[in-house]
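**Q** Everything below, folded, please.
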Amino acid sequence: MMQKISIFIISLFLVVGCGKKKSTEIGVENINNPATAEGIDPARAEKMPVITFEKIVHDFGYVTKGERLSYNFKFKNTGNSDLIISYVESSCGCTTSSPPKAPIKPGDSGEIKVTFDSKTKSGITENQVMIVANTYPVKTVLTLIADVKNP
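**A** I've put the predicted structure just below:
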């Protein structure tokens, strides 16, 4: 009897474990690096997404120490395939960002919200946010500037 129960439980795990999972992987059709050993392949470069920001530097000006300020860096995919932002990293723990999760179609726009917390800063500060996407070059750097003053 115990052996039959064990076989039933194992069978149940196998059936449940083999269920179809929702795929969150990005297809390889969205990855198209134009760089070759000979240089840039123009045919590949034409097919790539291009991330075009309205501006890549934002200056908050004078900021009172302790303020949290946000800015939305607006961009457009001016390329010819879906733009996928795979990774965003800030140069400092005082800066966070919220990039879009879904692919951006050619001609569509998006934004990356960047928040700066001035509580540990003083004087003129410059923080970078590195965007990694399926573009060429792969990295784009955004910059926040602030002049943090004591209250």
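
**Q** In which helix or strand does residue 96 reside?
**A** Using DSSP states H and E, residue 96 sits within strand 95-98.

**Q** Validate this expectation: residue 80 resides in a helix.
**A** No: going by DSSP: H, G, I helix; E, B strand; the rest coil, the assignment for residue 80 is coil, not a helix.

**Q** Next one, pLDDT for it please.
**A** With respect to pLDDT, residue 80 has a value of 93.

**Q** Kindly report the same for residue 25.
**A** Residue 25 is assigned 46 on the pLDDT scale.

**Q** Output the contacting helices and strands for the strand holding residue 96.
**A** When contacts are defined as 3 or more C-beta pairs under 8 Å, 6 or more residues apart in numbering; DSSP states H and E, strand 95-98 sits against strand 85-90, strand 109-117, strand 123-133. Just so you know, the C-beta spots here come from the backbone N, C-alpha and C atoms, and that holds for glycine as well.
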